[in-house]
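Q: structure here, sequence nowhere to be found:
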């Protein structure tokens, strides 16, 4: 448990529940207080298909499409050893530790998101080699289902808090979101002690 928690803590991510206790379909970024939907749930969908499901009664009601800056911040927080950029949208990492955590948390390698000032979309995430991180890689039509070197992309969706089961029922998550909203996050060491007592949930495969 100690080693497992250490990896999760360093990546600043906590698995949470979206609709049903134990589903593990959302992930809390403890740095921003935002929750992110599993990429497996949008895998293979186009950006516009997902956008059409965000309204009342839609498949992803309550979620929203993130900005490119929010996605980049997620990658930075999830993969803190993101290395020197080799070329646009591609960088190496010092180890596969954080990319492994990213895959375990989000259930997929890459997700689509907006390109600022463009009608196209890009993807961010990790590569199957597990030691490469992507930020805003390539450009695609928002009506395209993207596959990159065998990796079928999902679409990033984010919540600012309060709409997932985890944020409604887990006071620890709500406390973290309230703290980050006023730029006064809880010490992660204290969070670690509380999580150790609760037990960490691994993401549903």
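A: Cool, got the structure. Computed from a prediction, not measured in an experiment: that's the story for all the values here. Residues are numbered from 1 along each chain as shown.
Q: spatially nearest residue to residue 106, not counting backbone neighbours?
A: Nearest residue to residue 106, sequence neighbours excluded (Cβ to Cβ, 6 or more residues apart in numbering): residue 39, at 4.6 Å. C-beta coordinates here come from the backbone N, C-alpha and C atoms, glycine included.
Q: what sits against that neighbour?
A: Going by Cβ atoms under 8 Å, 6 or more residues apart in numbering, residue 39 touches 106-108, 110-111, 125, 153-156.
Q: quick check: next helix or strand after the helix or strand bottoming out on mean pLDDT in the chain?
A: Least confident helix or strand of the chain, by mean pLDDT, DSSP states H and E, is helix 2-10 with a mean of 34. Using DSSP states H and E, the next helix or strand after helix 2-10 towards the C-terminus is strand 13-16.
Q: report pLDDT for residue 184.
A: Looking at residue 184, its pLDDT is 37.
Q: correction: the previous question concerned residue 176.
A: Looking at residue 176, the pLDDT reads 64.
Q: residue 153 now?
A: pLDDT, residue 153: 98.
Q: now do the contacts for the nearest residue in space to it that is not next to it in sequence.
A: In space, and not counting its chain neighbours, residue 153 is closest to residue 146: 4.1 Å by Cβ to Cβ, 6+ apart. Taking Cβ under 8 Å, 6+ apart, we find residue 146 in contact with 110, 112, 123, 140, 152-153.
Q: and residue 146, how far from residue 79?
A: From residue 146 over to residue 79 the distance is 20 Å, taken as Cβ to Cβ, to the nearest Å.
Q: and what of residue 97?
A: According to Cβ to Cβ, residue 97 stands 9 Å off from residue 79.
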